[in-house]
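A.B. asks: Kindly generate the corresponding structure for this input.
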Amino acid sequence: MGKYYLYNGKQVGFVRKAIDEVVMVEEGWVSEVQNHFGKRTHDKLLQIPAQILKNSGFPDITRAQAWIILLEILNKGVPEALRDADVDEKIGKGTILKDIVKAPARAAAEVVDTTSKVTGKVVGGAVGAAATAASAVGSAVGKTADVAEDVAESVVDTVEEAVDAVTGEEDGEGAQ
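C.D. replies: Model (predicted):
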């Protein structure tokens, strides 16, 4: 059974759903993610604030410090940019993993577009194939972010091959 939350993070009852915009979260989803971290490690999650701070010149932080930083950010409710009142209270309407998988393909496609403008060569077929692969694989993504990460790397590899085909480069070496 699902639980309903306001966008500020406060849990509410079923009746409140008719009055306010809510986010529905299945209890099983929370249990699955908790079990994942319990069986594995929290390090991938904690790496996010640690890497952001390191890139900005701050000193290294501990795992507990990273956890508290995440709590501070996440306890503020759902940011406006992440809200989608039309689908947030429904199951199976999300696209987060598909969006994550497509992001590297979009970036690589932009590189290919720029390269094709410079070289005057057309690579639409290769880019289209990469986008199709990203879409097809994105819809088949399983339960974990690890799978999405592997898929994204595959898509990036495919698009990089397309770029190499356009520029005449292989293995990162320029055509001479």
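
A.B. asks: Give me the buried positions along stretch 19-38.
C.D. replies: Buried residues in stretch 19-38, counted by 16 or more other C-beta atoms under 10 Å: V22, V23, M24, V25. C-beta: built from backbone N, CA, C; applies to glycine.

A.B. asks: And for stretch 49-62?
C.D. replies: Neighbour-count burial for stretch 49-62, with 16+ other C-beta under 10 Å as criterion, is recorded at P49, A50, L53, I61.

A.B. asks: part of a strand, is the third one?
C.D. replies: No: using DSSP: H, G, I helix; E, B strand; the rest coil, the assignment for L53 is helix, not a strand.

A.B. asks: and it, how far is that from P79?
C.D. replies: Relative to P79, L53 is positioned 20 Å away (C-beta to C-beta, to the nearest Å).

A.B. asks: Also the first one?
C.D. replies: Summarising the geometry, the distance separating P49 from P79, computed by C-beta to C-beta, is 16 Å.

A.B. asks: try the second one
C.D. replies: A50 sits 21 Å away from P79, taking C-beta to C-beta as the criterion.

A.B. asks: same thing with the last one?
C.D. replies: Applying C-beta to C-beta, one obtains 23 Å for the distance of I61 from P79.

A.B. asks: Report the buried residues of the strand or helix carrying L71.
C.D. replies: Element membership of L71, judged by DSSP states H and E, is helix 63-74. Buried residues in helix 63-74, defined by neighbour count with 16+ other C-beta under 10 Å: A66, I69.

A.B. asks: With only the CA atoms kept, save it in CSV.
C.D. replies: Extracted C-alpha coordinates of helix 63-74, given in CSV (Å, rounded to 0.1, in the frame of the first residue of the first chain):
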residue,chain,number,x,y,z
ARG,A,63,30.9,9.5,5.7
ALA,A,64,28.9,10.9,8.6
GLN,A,65,29.4,14.5,7.5
ALA,A,66,28.3,13.5,4.0
TRP,A,67,25.2,11.9,5.5
ILE,A,68,24.2,15.0,7.5
ILE,A,69,24.7,17.2,4.4
LEU,A,70,22.3,14.9,2.5
LEU,A,71,19.8,15.0,5.3
GLU,A,72,20.0,18.8,5.4
ILE,A,73,19.3,19.0,1.6
LEU,A,74,16.6,16.3,1.5
